[in-house]
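Student: quick one, structure for this:
(chains A, B, C, D, E, F, G, H, I, J, K and L)
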12 protein chains.
Amino acid sequence: MRALVLNGPNLGRLGSREPEIYGSASHDELANRCAQWGEELGLQVEVRQSDDEAELISWLHAAADSQTPVLLNPAAFTHYSYALRDACAALRAPLVEVHLSNPAAREEFRRTSVISGVASGTIAGFGLDSYRLGLLALAAMAG
Amino acid sequence: MRALVLNGPNLGRLGSREPEIYGSASHDELANRCAQWGEELGLQVEVRQSDDEAELISWLHAAADSQTPVLLNPAAFTHYSYALRDACAALRAPLVEVHLSNPAAREEFRRTSVISGVASGTIAGFGLDSYRLGLLALAAMAG
Amino acid sequence: MRALVLNGPNLGRLGSREPEIYGSASHDELANRCAQWGEELGLQVEVRQSDDEAELISWLHAAADSQTPVLLNPAAFTHYSYALRDACAALRAPLVEVHLSNPAAREEFRRTSVISGVASGTIAGFGLDSYRLGLLALAAMAG
Amino acid sequence: MRALVLNGPNLGRLGSREPEIYGSASHDELANRCAQWGEELGLQVEVRQSDDEAELISWLHAAADSQTPVLLNPAAFTHYSYALRDACAALRAPLVEVHLSNPAAREEFRRTSVISGVASGTIAGFGLDSYRLGLLALAAMAG
Amino acid sequence: MRALVLNGPNLGRLGSREPEIYGSASHDELANRCAQWGEELGLQVEVRQSDDEAELISWLHAAADSQTPVLLNPAAFTHYSYALRDACAALRAPLVEVHLSNPAAREEFRRTSVISGVASGTIAGFGLDSYRLGLLALAAMAG
Amino acid sequence: MRALVLNGPNLGRLGSREPEIYGSASHDELANRCAQWGEELGLQVEVRQSDDEAELISWLHAAADSQTPVLLNPAAFTHYSYALRDACAALRAPLVEVHLSNPAAREEFRRTSVISGVASGTIAGFGLDSYRLGLLALAAMAG
Amino acid sequence: MRALVLNGPNLGRLGSREPEIYGSASHDELANRCAQWGEELGLQVEVRQSDDEAELISWLHAAADSQTPVLLNPAAFTHYSYALRDACAALRAPLVEVHLSNPAAREEFRRTSVISGVASGTIAGFGLDSYRLGLLALAAMAG
Amino acid sequence: MRALVLNGPNLGRLGSREPEIYGSASHDELANRCAQWGEELGLQVEVRQSDDEAELISWLHAAADSQTPVLLNPAAFTHYSYALRDACAALRAPLVEVHLSNPAAREEFRRTSVISGVASGTIAGFGLDSYRLGLLALAAMAG
Amino acid sequence: MRALVLNGPNLGRLGSREPEIYGSASHDELANRCAQWGEELGLQVEVRQSDDEAELISWLHAAADSQTPVLLNPAAFTHYSYALRDACAALRAPLVEVHLSNPAAREEFRRTSVISGVASGTIAGFGLDSYRLGLLALAAMAG
Amino acid sequence: MRALVLNGPNLGRLGSREPEIYGSASHDELANRCAQWGEELGLQVEVRQSDDEAELISWLHAAADSQTPVLLNPAAFTHYSYALRDACAALRAPLVEVHLSNPAAREEFRRTSVISGVASGTIAGFGLDSYRLGLLALAAMAG
Amino acid sequence: MRALVLNGPNLGRLGSREPEIYGSASHDELANRCAQWGEELGLQVEVRQSDDEAELISWLHAAADSQTPVLLNPAAFTHYSYALRDACAALRAPLVEVHLSNPAAREEFRRTSVISGVASGTIAGFGLDSYRLGLLALAAMAG
Amino acid sequence: MRALVLNGPNLGRLGSREPEIYGSASHDELANRCAQWGEELGLQVEVRQSDDEAELISWLHAAADSQTPVLLNPAAFTHYSYALRDACAALRAPLVEVHLSNPAAREEFRRTSVISGVASGTIAGFGLDSYRLGLLALAAMAG
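Tutor: Predicted coordinates:
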């Protein structure tokens, strides 16, 4: 089974961006780890990143058409992109929202997610492991 | 006279997306209907859709230059895109904001429109007919 | 088919009241225009106006009994009359909420409508044409 | 002893209005039931209904003059009629506020009562029995 | 010159209603006092009272037509009647808002006036003298 | 039929605690009265009081298992105990929320109830009689 | 009898400061007018102005000691000076709050007065006449 | 390594309580599943449940002393128990907050967690699997 | 004279819990210090700690019966336990609320106390000395 | 060691100002008591009072330079003087905020202190004893 | 040294868009002026404009990599683009936020900037000169 | 041409007050730098500082009379002094608001300026350079 991992704005700079919060692994490493974890779960994982709201939306549209389960780290779009939310709401396979860090322990504005209400579930605060757990959750729900 | 119909994010998926809310007609059908309705009103209607805020803004800029009246369904951008609002504010021909469904009868966040304050008027809740009524309004204002 | 046009408080003074906002046509002219537009749509339109919440409610009750579609301009009642709202909620034919001006471009308090949540749809900002469009919408929904 | 049962806007349509919320008994049936319950309690119960704020106020004024205890279902006026509140505040015999349904389990705006602060007590959520309990309470307080 | 004194809901019961707040003079006494004060100022004062929003609105409409200055005690309508506000906004002679008691020293909800924004000025807290001062103000503005 | 009367924190001190608000009857007297009233209604009433959130919850769990109708005075837990609310939500027989005094006429924080939304109905402000009315309501609903 | 007229910050510049709002009379003219009006009322009026919160407070302290009635235009202190409020609260003769313009028709922040709650009454919106009416009110209350 | 799974109020009734939200597995089944999952991860998992805030706190104190990692489902305490929060803040091994359902998709009040700010991370929405993922996360963090 | 020192949740772990905020003295040391300070003031001080809301309430009930003055550190219950507040409100001897640290200089939620409104006074921010000062205050008030 | 006691606006009128709240001792008596208490603690206490924000600030500046500990009763400045706050923030010896009465039991606006966040601690509600306790606290912190 | 001037949505239309607010210079003229000003300061200034959030983000990423100082006019993104904010937060050379007009003197929504918190400083209200001053500030900080 | 630099409360202590935020230069150095910068710009700069709201207001009045442009650092008055705002609103030459530090990156209360709405523009966050840039802006606007 296929699974899509979609990463939102600024996540392409993982490793160099505020490593004390987001960790030192690069986005490539993240992608490799996800692929590996997927393999172990029988998931063919594809990882994509974009800073572009419209591009993320188009990927979600495709996932809706193909009924692919999605792991989404909406990054800063978490807090305001109702366009992303509407695209998520149209998915037909499970959607898991993940965050590397724990938004509840950071700035006030990070405590609002416009995405969570249309996700199957959320995982936050475990660094790269948020993705591993998310893939597990996807596999379990899709299985 | 020309008139522009601009559709915002996720509206390209009309028909497949939550049809109980948005109806079963596809975006192509919507575009055809608009063209037809325009013809009856003496309007040369062009329908465009984009999930991309910047592309919608560029179309609004062109409409401002050519003084073309605009029918805009901002979709989810309704609730946060001040960039779209600023582009709308610069239009010189009438702007009509339309919605397929009635935002007042849905989630709380859908009750806020950052666009309405710079529109000539708004029409919401009539499905495809929101567009027909909007074109009529445009024709009347521009006539 | 019959259709009822109900106008709320102060609308009897159309033409003399703040004409820069509400236009120069009198309520009689509005009524005539509505009758005419109705005729073109095969609707037998009756226009009534009242400054009295209870009278508007009684007309809505009658419309509920006779399953008559209603075009309602609640005027200032828009912002607080939950009694009107409850009466509207009991209608069984379509209800269209109309406004002459665009409330979103006026005072803050005009941005709240306690009626919209129970209307089929809303039309605002097109002067008398708001009524024409509203009758069209009624005709389409009732047809 | 006399007791007055006052029913606010739209309650004249009991039985036909949203029966899944308000029950299937008509206002006449409600009036008969109240008369009967009153009789059992030694209360001469008079039931009146009005959609008109001013008429309800005038009844409250008369009750204040005659020191008649009042059972009031303010219906939608519950949420905004400070005029009704002021009239209630001038009563000298007990005032009981009743509701057929439980406002706390419905729309957000139904959670605010401008009347409760000047009532002796409130009873909500028991259908017609709200009136029976209210009459009992009135009889006990007035006894 | 004529001047209109309009008193809102529950003010017909002056003297008997919460006299520790509103004083012991009856509405008739108030009317007589206003007539007398008016005479001293060369104003032909007519005092009316209504618990009925629609009746107050109709009086304001007539005052707008005849360009009569108005002294208005909106009583509880102060806090929510946008319909009254709209009628006031259409007056062409001065409008003075008066209150017997000082709303700022009472319940929280009395601190909001939807009328003040369209009045020439406001006078509150001086008991019957609020009317005397208000008539003086009207006379000065109209003179 | 059995019925459970559950009293929340500080109600064990009825009679000595702020008697001007809560009356002079002790909790024992309240219990006796409830038993008597229950008898008249064919209800075998058991009255329990606890200051302990967990104990109240355990009683609610037992009531859920035995499908016993419950009369609950949550006292101060009314305003914050979502744990109690969740336990109430799981009841399968009717739940009536009662209060001795009228919270709407007291401190601001007493106007919020986290329980009401999951109760069948509420009764407040009638002193001990709140319980009598509540038992009547329970009997009627359960009958 | 003596009466004190106290004017707050920036009122010393009357006539030159935003005359379209505050009128063209200077503070000296205002003082003269007040003296004259006082004379007609048998009041020995003294007018003082200060931009200094502490100086205004010291004047209020003296007025409290001598039981002198006070007419206060707190100007911008209206909106935040709780120190002035506390000084006002200690007055033993009447206090009238006046404003030249109508704060309700200006910026949002001008709608809050921290002074009104401790004033006998308020008068706003009549230009210099606000002072004349205020002195009349003082004379009547003190008489 | 030991790990503690702590379940808050009403979770002892898993399976019978609103199974459409919380699933049909009982608390015993949950405990068994957790033990099993723990075993696979080399964790000696102990599962406890309490409706009693103080008991949960005492378990957290013990976990702080023994530096045991904790998986906590605070249930309704999530929304108000600052006492639990303070106990969590004193833990020295990782703390994972889990929820069976997705609070973001339920009532407004469930969107506030007073616990999240002191947790290492949170997992919500995956039914029993929330616990499996949480144990995995604990094992990874503690490993 | 007796005096009761009641410490709320998590205070039993003084010394080990966040010592940079709460200091390094243990609860036993605190109790000893309080006993000593009491002795110097002629107070027979008894110090108790509980994480259990109901136990604290029962101690307050006993103190109400015996008219014992109370020094209360409500700890996290400060922010939400209206049950504790109601128990405090029934005390007949003085109640002093103390805090080791200064809540105003910590997290936002620590700025709200539901207890302060029913305390005689509050002391916060002086570490163990908060208790010494509190006992002094109790002694002075009770003396 | 020196210590400064600074009293804010209106405190010079202690004894005559609302004695039911602030007590009957005059400011001179307060000053004498503070001197005496200071002597007992080995503190050379100087008491100053000003209604003038700038004068209080200048005293705080001097105290910052001389590293003198300060006991501050900011009176009404508590609620809005960020200028005072900034001056307090620059102190290098301890700062204790005191209040004669308990602000939490008075008007809503008195519940906000802009000073507390930069004080070492606060003491409120014990009348003159608030100062005695405050000096003790200062002595302990400075000792 | 290089410096980057980044202009957000709708700024490409400078000169034609609301010139009474934004001035009559075109974006090309702005770019030329910036280049010239840069030259005078020894800065090699490159000016770019985009309506596309993702493109602005990519430019900020490049600036982070090359440690180039940035002058950013986020235009309407100021009010909601947390994605832009996150990109700004990762810059390592100074960031200056500029605005042509003064947002504090315009619509309410323009008073919120999600960018300012991560900028070195802000300059607003001086038309084109905002850029000149911003470049000066950049030169000074980078120098 | 003359220009006035006005510094608000606590700025006289520059250099010793929180130097990590406000820098190590003293107010004298700031004044010298401003004089020098002014000279380069052909401005005769006078720098004044006061902790006294009334004194700042009097300086603004004089500047209004002489039409002198003003550079104002309102310091803590920024957040509440509507009296200062009203004085600023009466200026006839440009007004620039400056801040040494970036208020948006500090405490929540520093994000509100009651001055900005009446300033020509604002500059914040550049330390002493905020003044240099402000003088440049003044010179440009006044030139």
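
Student: list the buried ones in the helix or strand harbouring A:Leu4?
Tutor: Assigned by DSSP states H and E, A:Leu4 belongs to strand A:2-7. Buried residues in strand A:2-7, counted by 16 or more other Cβ atoms under 10 Å in any protein chain shown: A:Ala3, A:Leu4, A:Val5, A:Leu6, A:Asn7. The way it works is simple: take the backbone N, C-alpha and C, and place the C-beta from them, glycine included.

Student: residues in a beta bridge with the residue positioned nearest the centre of chain A, which ones?
Tutor: Central residue of chain A (Cα atoms, centre = their mean): A:Leu72, 2.2 Å from the mean position. Note on A:Leu72: beta-bridge partners by DSSP bridges are A:Leu6, A:Glu97.

Student: so how far is A:Ile115 from it?
Tutor: To A:Ile115, A:Leu72 is 7 Å away according to Cβ to Cβ, to the nearest Å.

Student: circling back: now find how far off-centre the strand holding A:Leu4 is within its chain.
Tutor: The gap between the average C-alpha position of strand A:2-7 and the chain average comes to 7 Å, counting by Cα atoms, centre = their mean, to the nearest Å.

Student: and that strand, what does it pack against?
Tutor: helix A:27-41, strand A:44-49, helix A:53-66, strand A:70-73, helix A:129-142 (3 or more Cβ pairs under 8 Å, 6 or more residues apart in numbering or on different chains; DSSP states H and E).

Student: is the last one in proximity to chain H?
Tutor: Yes. Using Cβ under 8 Å from any Cβ of the partner chain, helix A:129-142 comes into contact with chain H via A:Asp129, A:Ser130, A:Arg132, A:Leu133, A:Leu136, A:Ala137, A:Ala140, A:Met141.

Student: packing partners for that helix?
Tutor: Other helices and strands packing on helix A:129-142, by 3+ Cβ pairs under 8 Å, 6+ apart, are strand A:2-7, helix A:27-41, strand A:70-73, strand A:95-99, strand A:121-124, helix H:129-142.

Student: mean pLDDT added to the ones you listed, as a markdown table?
Tutor: Putting the helices and strands packed on helix A:129-142 into a markdown table (pLDDT from 0 to 100) gives the following:
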| stretch | mean pLDDT |
| --- | --- |
| strand A:2-7 | 97 |
| helix A:27-41 | 96 |
| strand A:70-73 | 98 |
| strand A:95-99 | 98 |
| strand A:121-124 | 97 |
| helix H:129-142 | 95 |
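
Student: quick check, A:Cys88 in contact with A:Thr78.
Tutor: No. Contact status for A:Cys88 versus A:Thr78: not in contact, 11.2 Å apart, counting by Cβ atoms under 8 Å.

Student: overlap in contacts, those two.
Tutor: Common contacts of A:Cys88 and A:Thr78 (Cβ atoms under 8 Å, 6 or more residues apart in numbering or on different chains): A:Ile115.

Student: hmm, back to that, neighbour-wise, which one of the residues of helix A:129-142 next to chain H leads?
Tutor: A:Leu133 (29 neighbours; other Cβ atoms under 10 Å in any protein chain shown).

Student: returning to what we had before: between A:Leu72 and A:Ile115, what contacts are shared?
Tutor: By Cβ under 8 Å, 6+ apart, A:Leu72 and A:Ile115 have these common neighbours: A:Cys88, A:Glu97.

Student: near A:Pro103, how many other residues are there?
Tutor: A:Pro103 has 21 nearby residues by other Cβ under 10 Å.

Student: for chain A, which residue gets nearest to chain C?
Tutor: Nearest residue of chain A to chain C: A:Tyr82, at 18.1 Å (Cβ to the nearest Cβ).

Student: what's the neighbour count on that residue?
Tutor: 23.

Student: in terms of pLDDT, where does the residue lying farthest from the centre of chain A sit?
Tutor: Computed with Cα atoms, centre = their mean, the residue of chain A farthest from its C-alpha average is A:Glu108, at 21.1 Å. A:Glu108 carries a pLDDT score of 89 in this model.

Student: from A:Ile123, how far out is the residue of chain A found nearest chain E?
Tutor: When distances are taken as Cβ to the nearest Cβ, chain A reaches nearest to chain E at A:Glu108, 27.4 Å away. As for A:Glu108, its distance to A:Ile123 is 21 Å (criterion: Cβ to Cβ).

Student: what's the closest of the helices and strands packed on helix A:129-142 to J:Leu14?
Tutor: strand A:121-124 (54.8 Å; Cβ to Cβ).

Student: ok, the closest one near chain H or not?
Tutor: Yes. Using Cβ under 8 Å from any Cβ, strand A:121-124 reaches chain H at A:Gly121, A:Thr122, A:Ile123, A:Ala124.

Student: quick one: contacts for the residue nearest to the centre of chain A?
Tutor: By Cβ under 8 Å, 6+ apart, the neighbours of A:Leu72 are A:Val5, A:Leu6, A:Gly8, A:Leu60, A:Cys88, A:Leu95, A:Val96, A:Glu97, A:Val98, A:Ile115, A:Ala119.

Student: please tell me which one of these counts the most neighbours.
Tutor: Neighbour counts for the contacts of A:Leu72 (other Cβ under 10 Å) peak at A:Val96, which has 29 neighbours.

Student: distance of that one relative to chain K?
Tutor: The gap separating A:Val96 from chain K is 21 Å, by Cβ to the nearest Cβ, to the nearest Å.

Student: going by secondary structure, the residue lying closest to A:Gly23 once chain neighbours are set aside is in what exactly?
Tutor: Spatial nearest neighbour of A:Gly23, chain neighbours left out: A:Gly127 (4.9 Å); criterion: Cβ to Cβ, 6 or more residues apart in numbering or on different chains. Under DSSP H and E, no helix or strand contains A:Gly127.

Student: and the residue of chain A found nearest chain L, how far from chain I?
Tutor: Chain L sits closest to A:Glu108 of chain A, with a gap of 8.9 Å, by Cβ to the nearest Cβ. Applying Cβ to the nearest Cβ, the value for A:Glu108 to chain I is 9 Å.

Student: from A:His79, how far off is that residue?
Tutor: In terms of Cβ to Cβ, A:Glu108 sits 10 Å off from A:His79.

Student: chain A against chain H: which residues are in contact?
Tutor: Residues of chain A lying near chain H by Cβ under 8 Å from any Cβ: A:102, A:104-105, A:113, A:116-126, A:129-130, A:132-133, A:136-137, A:140-141.

Student: ramachandran coordinates for whichever residue of chain A sits closest to chain J?
Tutor: For chain A, the residue closest to chain J is A:Glu108, as judged by Cβ to the nearest Cβ, at 17.0 Å. Phi and psi for A:Glu108, reported as degrees, to the nearest 10, are phi -50, psi -50.

Student: just A:Asn102 next, same as before
Tutor: Dihedral angles for A:Asn102 - degrees, to the nearest 10 - are phi -100, psi 100.

Student: tell me how many other residues crowd the nearest residue to it once chain neighbours are set aside.
Tutor: Leaving out its chain neighbours, the residue that sits closest to A:Asn102 by Cβ to Cβ, 6+ apart is A:Gly125, at 3.4 Å. Look at A:Gly125: counted by other Cβ under 10 Å, it has 25 neighbours.
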